[in-house]
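K.L.:
pasting the structure only:
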């Protein structure tokens, strides 16, 4: 029996929670409601409640006070707080009171449903634990953890469990109920979260949802699930134990049903890699071979691959028509460029000559073509593509065909957009001017300013003089002198301080430059300005 209690002084919030959450699918039998702390306490004293969803700020007592009372009374309740305020003190107090989750309004019902589902799972674990203690079978609590630890070690370790005898010893030592003739099947699952999906924003919650889907789908009388473990980010291994003769078609069917569900409900693409069924002592090399295949093979998303069909491909790299691709960029035809590269990749897949080595060489050629194109426009490509977005897309580009296409699109579109920007000299010059005005105290040089707009320093200098009629160095000097004059006229700052503010660390050098430009020293200029001001009359 699993019951929930909703506590909020806002009737509409309570009603929305009642109607928009599918409580039945969350295994919640009864949903009680209360509009105050006192009302909630009455319900908790009269009924069994496992899940509490409560507002924090209420006129007649806070949700935190309610949870403190619950803890004092030793009620076993998983508490989820809803609040309009991202207040650290609230969050800290909620943590101290062992609340399950702290959730900011407005309510995202899909996400809240997942949080409630996790709370229900926690409540069930707590009930099972209490039952095990009461019945004297507390050792069962660790059985799942011991099994998971065994398989994680088998997946991650390179030496200690590599020999059959070591595996048998580990099974006996940990008292696992495995026999040497038991047959196991590893399945490796790659996950590719969409941008702005839960997998990108809240991985812990996404992993919880993913495991729920996997445990629900990987159910069949012919096998049991021994463990589902993430061996590296978004790469999971499911270990299945056959109860009857192995049948890979059953697993293929389950994978075929998992992939569209992952697309729709988890907002991600997926690939399933099915290994070869083997006896316990042979599982280590099978898993290692499976992981090696996963690292080497270039995946087309949403497909199922069999390890037994995998052959390491030593195909030589034959590049696409690089001259044509270069011509397409220079003739301002990025769409056809991307179409040609996609056709090339699809042909590699079709002819089964695509592996990590081939794709790496292809990526190198594409980067060189784009960088060469930008160099011809006096753009410093290594500066333009510097940053987290480029690095992330670059690394991911070898994961799948789709990831490579995404990287190429970013590479080409960024190049064309910046090419368009630099073909408008006024825009470039205005950006440089703006930067100079807001960073006068910096060491402003052609090289440092060129980095701001990703251009060759000599080209920027020529462009600036062509547009303004004066050199870059002269413009910087004029702005600095102008600002220095304003500060001398309107503030009591020392000349040394003013010198530092406008980017001259050497006071004597600043005075010398100022005198060359204005005809007098900074101190003389300030005195002359003060003497020329009219004397106020009273």
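P.N.:
Perfect, thanks for sending it. Not measured: the values here are computed from a predicted model.

K.L.:
and residue 447, its phi and psi?
P.N.:
phi -70, psi -50 (degrees, to the nearest 10).

K.L.:
can you count the residues close to it?
P.N.:
Residues within reach of residue 447, counting by other Cβ atoms under 10 Å, total 12. Where C-beta positions appear, they are placed from N, C-alpha and C, glycine not excepted.

K.L.:
the closest residue to it other than its chain neighbours: neighbour count?
P.N.:
Using Cβ to Cβ, 6 or more residues apart in numbering and skipping residues adjacent in sequence, the residue nearest residue 447 is residue 457, 5.0 Å away. Counted by other Cβ under 10 Å, the residues lying close to residue 457 total 17.

K.L.:
give me the distance between residue 457 and residue 473.
P.N.:
The gap separating residue 457 from residue 473 is 12 Å, by Cβ to Cβ, to the nearest Å.

K.L.:
who touches both of the two?
P.N.:
residue 446 (Cβ atoms under 8 Å, 6 or more residues apart in numbering).

K.L.:
would you mind measuring from residue 233 to residue 149?
P.N.:
20 Å.

K.L.:
which of those two has more residues huddled nearby?
P.N.:
residue 149 (15 against 8).

K.L.:
now for that one: which residues touch it?
P.N.:
So residue 149 contacts residue 174 (Cβ under 8 Å, 6+ apart).

K.L.:
can you list the domains in the protein?
P.N.:
Listed by automatic domain parsing, the domain ranges of the chain are 3-135, 143-168+178-309, 322-421, 425-449+467-532.

K.L.:
distance between the ends of the third one?
P.N.:
Translated: domain 322-421. End-to-end distance of domain 322-421: 26 Å, with Cα to Cα, to the nearest Å as the criterion.

K.L.:
same deal with the shortest one?
P.N.:
According to Cα to Cα, domain 425-449+467-532 extends 42 Å from its N-terminal end residue to its C-terminal end residue.

K.L.:
that one: how far from the chain's middle?
P.N.:
44 Å (Cα atoms, centre = their mean, to the nearest Å).

K.L.:
got it, and the second one?
P.N.:
On the basis of Cα atoms, centre = their mean, domain 143-168+178-309 sits 22 Å off its chain's mean C-alpha point.

K.L.:
equivalent analysis for the third one, please.
P.N.:
Mean C-alpha position of domain 322-421 versus that of the full chain (Cα atoms, centre = their mean) differs by 23 Å.

K.L.:
kindly report the same for the first one.
P.N.:
The gap between where domain 3-135 is centred and where its chain is centred comes out at 29 Å by Cα atoms, centre = their mean.

K.L.:
quick one: mean pLDDT over that domain.
P.N.:
Per-residue pLDDT values over domain 3-135 give a mean of 85.

K.L.:
same question, the last one
P.N.:
Averaged over domain 425-449+467-532, pLDDT sits at 89.

K.L.:
likewise for stretch 264-278?
P.N.:
93.

K.L.:
now the end-to-end length of it.
P.N.:
Start-to-end, stretch 264-278 (Cα to Cα) is 33 Å.

K.L.:
circling back to that earlier point, contacting residues around the residue nearest to residue 447?
P.N.:
446-447, 449-450.

K.L.:
do that again at 7 Å, thanks
P.N.:
Taking Cβ atoms under 7 Å, 6 or more residues apart in numbering as the criterion, residue 457 is in contact with 446-447, 450.

K.L.:
you'd agree residue 217 is up against residue 254?
P.N.:
Yes: taking contacts as Cβ atoms under 7 Å, residue 217 lies within contact range of residue 254: 5.6 Å.

K.L.:
look at those two and report which has more neighbours.
P.N.:
Neighbours per residue (other Cβ under 10 Å) separate residue 217 from residue 254, with residue 254 holding more: 21 against 14.

K.L.:
give me the pLDDT for that one.
P.N.:
95.

K.L.:
what helix or strand is it on?
P.N.:
Residue 254 belongs to helix 248-265 when assigned by DSSP states H and E.

K.L.:
and for residue 31?
P.N.:
strand 30-34.

K.L.:
who does that strand touch, helix- and strand-wise?
P.N.:
strand 3-7, helix 11-20, helix 37-46 (3 or more Cβ pairs under 7 Å, 6 or more residues apart in numbering; DSSP states H and E).

K.L.:
that strand pairs with which strands?
P.N.:
strand 3-7 (parallel) (DSSP bridges).

K.L.:
may I see the buried residues of the partner strand?
P.N.:
3-7 (16 or more other Cβ atoms under 10 Å).

K.L.:
so can I have CSV of these showing distance to residue 319?
P.N.:
Formatted as CSV, those follow (distance: Cβ to Cβ, whole Å):
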residue, distance to residue 319
3, 65
4, 61
5, 66
6, 63
7, 66
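
K.L.:
tell me the SS of residue 361?
P.N.:
Using DSSP: H, G, I helix; E, B strand; the rest coil, the structure places residue 361 in helix.

K.L.:
what is the neighbour count of residue 431?
P.N.:
14.

K.L.:
grab the nearest non-local neighbour of it.
P.N.:
residue 453 (6.0 Å).

K.L.:
ok, that neighbour touching residue 427?
P.N.:
No: using Cβ under 7 Å, residue 453 makes no contact with residue 427, being 9.2 Å away.

K.L.:
which of these two has more residues huddled nearby?
P.N.:
residue 453 (21 against 13).

K.L.:
ok, then the element right after the helix ranked longest in the chain?
P.N.:
What stands out as the longest helix in the chain, according to DSSP state H, is helix 109-135. Sequence order places helix 143-156 as the next helix or strand after helix 109-135, per DSSP H and E.

K.L.:
list the buried residues in that following helix.
P.N.:
Result for helix 143-156 [16+ other Cβ under 10 Å]: buried residues 147, 150-152, 154-155.

K.L.:
before we move on, the earlier item: how about the strand holding residue 31: buried residues?
P.N.:
Neighbour-count burial for strand 30-34 flags 31-34 (criterion: 16+ other Cβ under 10 Å).

K.L.:
ok, residues contacting that strand?
P.N.:
3-7, 14, 18, 23, 40, 43, 47, 49.

K.L.:
about what we covered before: okay if I get the buried residues of helix 143-156 as a markdown table plus distance to residue 244 and pLDDT?
P.N.:
Formatted as a markdown table, these follow (distance: Cβ to Cβ, whole Å; pLDDT from 0 to 100):
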| residue | distance to residue 244 | pLDDT |
| --- | --- | --- |
| 147 | 21 | 89 |
| 150 | 23 | 91 |
| 151 | 21 | 92 |
| 152 | 27 | 91 |
| 154 | 23 | 88 |
| 155 | 25 | 88 |
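
K.L.:
name the nearest residue to the most centrally placed residue in the chain, ignoring sequence neighbours.
P.N.:
The centroid of the chain falls nearest to residue 200 when counting by Cα atoms, centre = their mean (4.3 Å). Spatially, and ignoring its direct neighbours in sequence, residue 200 is nearest to residue 193 (5.2 Å; Cβ to Cβ, 6+ apart).

K.L.:
does residue 53 count as helix, strand or coil?
P.N.:
Secondary structure state of residue 53, per three-state DSSP, is strand.

K.L.:
surely residue 355 meets residue 298?
P.N.:
Yes: between residue 355 and residue 298 there is a contact under Cβ under 7 Å: 6.4 Å.

K.L.:
burial count for residue 177?
P.N.:
So residue 177, with other Cβ under 10 Å, has 8 neighbours.

K.L.:
could you number the chain from 57 rather than 1 from now on?
P.N.:
With 57 as the first residue, the last one maps to residue 233.

K.L.:
secondary structure class for it?
P.N.:
With three-state DSSP as the criterion, residue 233 reads coil.

K.L.:
then residue 245?
P.N.:
Criterion first, three-state DSSP; result for residue 245: strand.

K.L.:
and it, what does it touch?
P.N.:
292, 294, 326, 328.

K.L.:
using the three-state scheme, assign the second one.
P.N.:
In this case it means residue 294. strand.
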